[in-house]
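> predicted model follows, preceded by the sequence.
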Amino acid sequence: MIWHVNPTGNDAHDGRTGRTAFKSLARAVEAAKPGDTILIAPGAYDQDLPARLSAARAANIVVSVVGSE
């Protein structure tokens, strides 16, 4: 499964598309299972991203930033 995170998203969304992205990486990690991928849109996030990334990777979840240069 691929999950989407965007700073303009909403954690009440389902996170399954760019248009229904979660706002927080924490919510995406909560929804994801081992083997899933989380795609993070560039932007400013109000959370501890390094800790969230570490938790995701420890759970065998792939995390990637999309749309970056």
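Everything's here; your move.
> just for this protein, where's the confidence low?
The chain contains residues with pLDDT under 70 at 68-69.
> tell me where it has helices.
Secondary structure of the chain (DSSP state H): helices located at 25-31, 49-58.
> and these as a markdown table, adding distance to Gly43 and mean neighbour count?
Glycine gets a C-beta too; all of them are placed from N, C-alpha and C. What follows is these, written out as a markdown table (distance: least, C-beta to C-beta, whole Å; neighbours: other C-beta atoms under 10 Å):
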| stretch | distance to Gly43 | mean neighbour count |
| --- | --- | --- |
| helix 25-31 | 11 | 20 |
| helix 49-58 | 11 | 14 |
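> which among those is found nearest to Ala41?
Across the helices of the chain, the minimum distance to Ala41, taken as C-beta to C-beta, is reached by helix 25-31, at 10.9 Å.
> with respect to Val5, which of the helices of the chain lies nearest?
Closest approach to Val5 among the helices of the chain is made by helix 25-31 (4.9 Å; C-beta to C-beta).
> quick one: contacts for Ala41?
His4, Val5, Asn6, Pro7, Gly18, Ala21, Val65, Val66, Gly67 (C-beta atoms under 8 Å, 6 or more residues apart in numbering).
> adding distance to Thr37, write the helices of the chain out as JSON lines.
Below are those laid out as JSON lines (distance: least, C-beta to C-beta, whole Å):
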{"stretch": "helix 25-31", "distance to Thr37": "10"}
{"stretch": "helix 49-58", "distance to Thr37": "10"}
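> out of those, flag the one nearest Ile38.
helix 25-31 (4.7 Å).
> other SSEs contacting that closest one?
Contacts of helix 25-31 with other secondary structure elements, assessed using 3 or more C-beta pairs under 8 Å, 6 or more residues apart in numbering; DSSP states H and E, are made with strand 2-5, strand 37-40, helix 49-58.
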